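Participant: Fold the following for me, if possible:
(2 chains)
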Amino acid sequence: MKTPDSLRPGEQFFALLLVIFAGYAFWESYGISKFSGLTTGGIMPMLASGVMVVTALVTLSETLRKPGTGRGSIRDVIAYLFPARVVLFTVLVVVYVAVIPSVGFLPASGCLLFVSIWALWRRGPVWSLAISLLSIGVIYLLFRVVFSVVLPSGSLWQ
Amino acid sequence: MIETLGYFATSWIDPYLLMLTALGTFAGIYIGAIPGLSVTMAASILISFTFKWDVNEALALIAGVYVGGVYGGARTAILLNIPGAPSAIATAIDGYPLAQKGLAGEAIGLSTVMSVMGGLIGVFALAIAAPLIAEFAIKFTSREYMLLGIIGILLVGTLSGESFAKGAFAGALGVMIGMIGLDPMTAETRFTYGSINLMGGVPFVVAMIGFFGVAEALSQLEHISTPPIKQKVARIIPAWSDVRRYLGLGLKSSMLGTAIGALPGTGGDIAALLAYDQAKRSTKNPEVPFGEGAKEGLIAPETANNAAVGGAFVPMLTLGIPGDAVTAIIIGALYIHGLKPGPLLLTDTPHLFWFIVGNLTLANIFLLVFGLTGIRIFTKVVECPRAILIPLIVILSAVGAYAIQNNPAHITWVLAFGVIGYFLKRYGFQVGPIILGVILGPMIDSNYRRAMIGAQENVWTFLYDLISHPISFVLSGALFFMLITQLPFVKRHRRRPRP
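Facilitator: Down below sits the predicted model:
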């Protein structure tokens, strides 16, 4: 296993967040059936979250031992975690997921494909549109016709 | 003998059955390869429209899809680092680095030949050793299944990533995700927060698509401007010297895969992981280190997961216990056709047993043909600009997630898992153990509780049982060894140069 020599931006903070999350998961697991027995529904979640707490603490200690300040400026952390392309594409996908129930799967997918290919590939709208339509056609044939998968139709058209 | 041979060759000489087997294998390869489509899903859909068919025709198609699908997962694992199926998780560890070096064609060719070898050995074992293997598998109790599940998750944690702690964290997180929903034993709600959608739990396919498909798509956005690597697909048929060199490893992995596949509830995923681990430990001086494109790391899991197909049929046909999810569906198909898998199947309907053996053999031959052809078209996928590929992966992920239960909430979950996976990957966490945790968590949970009930809820009796029964003792020893070798002072000692 390879361990990077230096810290990534925000790595110590992320490790701390994991410790807090693991602690919360343990607390939630405890809440399922407390310590009322060794075969209750809460025992395996408690064991798993217990492992998470221990390993998150080990990970935190590993990051604390790594050379480098580890803090990094907020700008470094943002640049590392949230590059513009990732943010833009994630927003597009969130909108896509949000509009599927109303617009339907095929139109929403077509729009996502067209907008993201146009924005990311930059070959012009005609190419983007052609590829989007072709892809949607293949997806429709494969899933709807061959596998008889019912695709969300969208409430707007009903 | 002549009669048996006749049953065996039924699908070889009947043109319609021959065509169905070929069609099933061909479709299976692409079903296994397309992220979001799973063999289990395809098999369950196939049953919905083949139940009116003749049993041989239905079995020919489904068995073809099964054989092709287990292999097909490797293609996307190698080309896109997205395992098409859980059984291809280990394949991605070394397969993807090979593709990054432009050796995708060679990697796929080698994995095809070795998969066929594993598949044929698995079928051979099914034909020859079925009663013996089934007899051994039935000795496994809930204790052993629990240990096997924990070993499976930890293996992935130790195999890849930066540290064992991160691997174990990811595995435990996966187990937690697998616990969401109603507890099957007590009907207590676990992490549902009042949501009806969460009551039924998180299907592992949803987690798999999110953590592998969407997270990978988001991670690849960073490299969108990097020109795609041209894959060398000139030599698809692997060199004879390569096949001969890895024959021993292939044989070992096949035998391991068959044995693991024969254990009910396990399957190609655990077989592939154990074979990868075994190859990593036993290969002294690999040409390329494991994790960076070692051919041994590609061959071992690919041989083992296809060998597990034959193995999975052993408990199904002899005991009526499914070896994995697909054989569970095939059991359903047999029941639909008025057949009862179990010890009497071999004596009452030997024609069916030998038909399945012959059909699986035929499917493996078709696998060799289809596996070694059409790779050029397939590798074009990886040469496709990422700006096209990434949105397509997200859309395939969305439709794959929706198709499982026609539940729109699953599309949202896929996105959420994708974002979580993206952050974890940025900080060196592997997503493989999470998926294994989701899949194996419920199995570990139910078997732990059965074992603990068997020990009358006494911790000391439970621990004593773990070391006092031979199979448990071996598995506990393996688990202990795995944990001990990850301790910092042991690792330092192992790294110390010997005089």
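Participant: Name all residues that make contact with residue B:372.
Facilitator: Going by C-beta atoms under 8 Å, 6 or more residues apart in numbering or on different chains, residue B:372 touches B:109, B:112, B:113, B:236, B:237. The C-beta positions use only the backbone N, C-alpha and C, and glycine is treated the same way.
Participant: By pLDDT, rank those residues and give me the bottom one.
Facilitator: Minimum pLDDT for the contacts of residue B:372 is recorded at residue B:236 (73).
Participant: Can you lay out the contacts of residue B:372 as TSV showing neighbour count, distance to residue B:13 and secondary structure?
Facilitator: Formatted as TSV, those follow (neighbours: other C-beta atoms under 10 Å in any protein chain shown; distance: C-beta to C-beta, whole Å; DSSP: H, G, I helix; E, B strand; the rest coil):
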residue	neighbour count	distance to residue B:13	secondary structure
B:109	22	30	helix
B:112	27	26	helix
B:113	22	26	helix
B:236	20	30	coil
B:237	13	28	coil
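Participant: is it possible to export those to TSV including distance to chain A?
Facilitator: As requested, the contacts of residue B:372 are exported to TSV (distance: C-beta to the nearest C-beta, whole Å):
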residue	distance to chain A
B:109	26
B:112	23
B:113	28
B:236	25
B:237	29
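Participant: Show me the two of these that sit farthest apart.
Facilitator: B:113 and B:236 (10.0 Å; C-beta to C-beta).
Participant: Let me know the secondary structure of the nearest residue to residue B:143 once chain neighbours are set aside.
Facilitator: In space, and not counting its chain neighbours, residue B:143 is closest to residue B:451: 4.3 Å by C-beta to C-beta, 6 or more residues apart in numbering or on different chains. Assigned with DSSP: H, G, I helix; E, B strand; the rest coil, residue B:451 falls in the helix class.
Participant: I'd like the next helix or strand past the least confident helix or strand in chain A by mean pLDDT.
Facilitator: Least confident helix or strand, chain A: helix A:74-81 with a mean of 85, by mean pLDDT, DSSP states H and E. Going down the chain from helix A:74-81, the next helix or strand is helix A:84-103, by DSSP states H and E.
Participant: What's the first helix or strand after that following helix?
Facilitator: Downstream of helix A:84-103 (by DSSP H and E), the next one is helix A:105-121.
Participant: Just give the closest residue to the most centrally placed residue in chain B, not the sequence neighbours.
Facilitator: Residue closest to the average C-alpha location in chain B (C-alpha atoms, centre = their mean): residue B:87, at 1.7 Å. Leaving aside its sequence neighbours, residue B:87 sits nearest to residue B:268 (C-beta to C-beta, 6+ apart; 3.2 Å).
Participant: surely the one you found meets residue B:85?
Facilitator: Yes. The pair formed by residue B:268 and residue B:85 meets the contact definition of C-beta atoms under 8 Å, at 7.4 Å.
Participant: residue of the stretch 351-499 of chain B with the smallest distance to chain A?
Facilitator: Residue of the stretch 351-499 of chain B nearest chain A, by C-beta to the nearest C-beta: residue B:387 (3.5 Å).
Participant: Neighbours of residue B:384, how many?
Facilitator: 13 (other C-beta atoms under 10 Å in any protein chain shown).
Participant: do the one 10 residues further on as well
Facilitator: Burial measure for residue B:394: 26 neighbouring residues, criterion other C-beta under 10 Å.
Participant: Check the one 5 residues further on too.
Facilitator: By other C-beta under 10 Å, 24 other residues sit near residue B:399.
Participant: Which pLDDT does the model give it?
Facilitator: For residue B:399, the pLDDT comes out at 83.
Participant: before we move on, back to that, and for the least confident helix or strand of chain A, what's in contact with it?
Facilitator: Contacts of helix A:74-81 (C-beta under 8 Å, 6+ apart): A:8, A:9, A:10, A:13, A:72, B:423, B:426.
Participant: Quick check: the farthest pair among those residues?
Facilitator: The most widely separated members of the contacts of helix A:74-81 are A:72 and B:423, with 15.6 Å between them, by C-beta to C-beta.
Participant: what about those two, which has more around it?
Facilitator: residue A:72 (19 against 14).
Participant: wait, what's in contact with residue 127?
Facilitator: In the absence of a named chain, this looks at chain A. A:117, A:121.
Participant: Let me rephrase: I mean chain B.
Facilitator: residue B:357.
Participant: so what are the domain limits for chain A?
Facilitator: A:11-80, A:84-157 (automatic domain parsing).
Participant: How many residues are close by residue B:142?
Facilitator: Neighbour number of residue B:142 under other C-beta under 10 Å is 18.
Participant: for stretch B:165-181, the distance to its chain's centre please.
Facilitator: 18 Å (C-alpha atoms, centre = their mean, to the nearest Å).
Participant: What average pLDDT does that stretch get?
Facilitator: 93.
Participant: Using PDB, write out the CA atom coordinates for that stretch.
Facilitator: Taking C-alpha atoms only, stretch B:165-181 is exported to PDB below (Å, rounded to 0.1, in the frame of the first residue of the first chain):
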ATOM      1  CA  ALA B 165      -7.600   1.700   8.400                       C
ATOM      2  CA  LYS B 166      -9.100   3.500   5.400                       C
ATOM      3  CA  GLY B 167     -10.000   0.100   3.900                       C
ATOM      4  CA  ALA B 168     -11.600  -1.200   7.100                       C
ATOM      5  CA  PHE B 169     -13.500   2.100   7.600                       C
ATOM      6  CA  ALA B 170     -14.900   1.900   4.000                       C
ATOM      7  CA  GLY B 171     -15.900  -1.800   4.600                       C
ATOM      8  CA  ALA B 172     -17.700  -0.900   7.900                       C
ATOM      9  CA  LEU B 173     -19.400   2.000   6.200                       C
ATOM     10  CA  GLY B 174     -20.700  -0.400   3.600                       C
ATOM     11  CA  VAL B 175     -22.000  -2.800   6.300                       C
ATOM     12  CA  MET B 176     -23.800   0.200   7.800                       C
ATOM     13  CA  ILE B 177     -25.400   1.000   4.500                       C
ATOM     14  CA  GLY B 178     -26.400  -2.700   4.200                       C
ATOM     15  CA  MET B 179     -28.100  -2.500   7.600                       C
ATOM     16  CA  ILE B 180     -30.500   0.300   6.500                       C
ATOM     17  CA  GLY B 181     -34.100  -0.800   6.500                       C
END
